[in-house]
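Trainee: Just to be clear, the model below is a prediction. Sequence and coordinates:
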Amino acid sequence: MTSEEQKGIGSDRIRGSPAVNVDLLECPICHDLLCIPIACQRCETSFCSACINRWLAANPRKCPNR
């Protein structure tokens, strides 16, 4: 498998697709496409794992959506 095949679909192709609701794939913290998504147990919103880990390090026990 080539490195391009391992990456999957490019974000430019996803953002341009009318069949994809990008809002559901966007991290509310960094506003980019989700990367290794993790869902908050309180609000069930998905965040990039790196984003939510940084958030929780600075704001322990506080949901970004509250």
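Mentor: Done, it's in.

Trainee: Would you map the strands across the chain?
Mentor: Assigned by DSSP state E, the chain shows strands spanning 37-39, 46-48.

Trainee: partners of the first one, with directions?
Mentor: Under the criterion DSSP bridges, strand 37-39 sits next to strand 46-48 (antiparallel) in its sheet.

Trainee: pLDDT of the strand it pairs with, averaged?
Mentor: Strand 46-48 comes out with an average pLDDT of 95.

Trainee: And Cys27, how far from Cys43?
Mentor: Computed with C-beta to C-beta, to the nearest Å, the distance linking Cys27 and Cys43 is 13 Å. All C-beta spots, glycine's among them, are computed from the backbone N, C-alpha and C.

Trainee: Same check on Asp32?
Mentor: Separation of Asp32 from Cys43 (C-beta to C-beta) stands at 19 Å.

Trainee: Quick one: find the helix or strand in the chain with the lowest mean pLDDT.
Mentor: Sorting the helices and strands of the chain by mean pLDDT, DSSP states H and E puts helix 3-7 at the bottom, at a mean of 48.

Trainee: So which of the strands of the chain is the most surrounded?
Mentor: Ranked by mean neighbour count, the strands of the chain are led by strand 46-48 with a mean of 21 (mean count of other C-beta atoms under 10 Å).

Trainee: Need the contact partners of it.
Mentor: Outside strand 46-48, the residues that touch it by C-beta atoms under 8 Å, 6 or more residues apart in numbering are 27-30, 32, 34-40, 55, 64.
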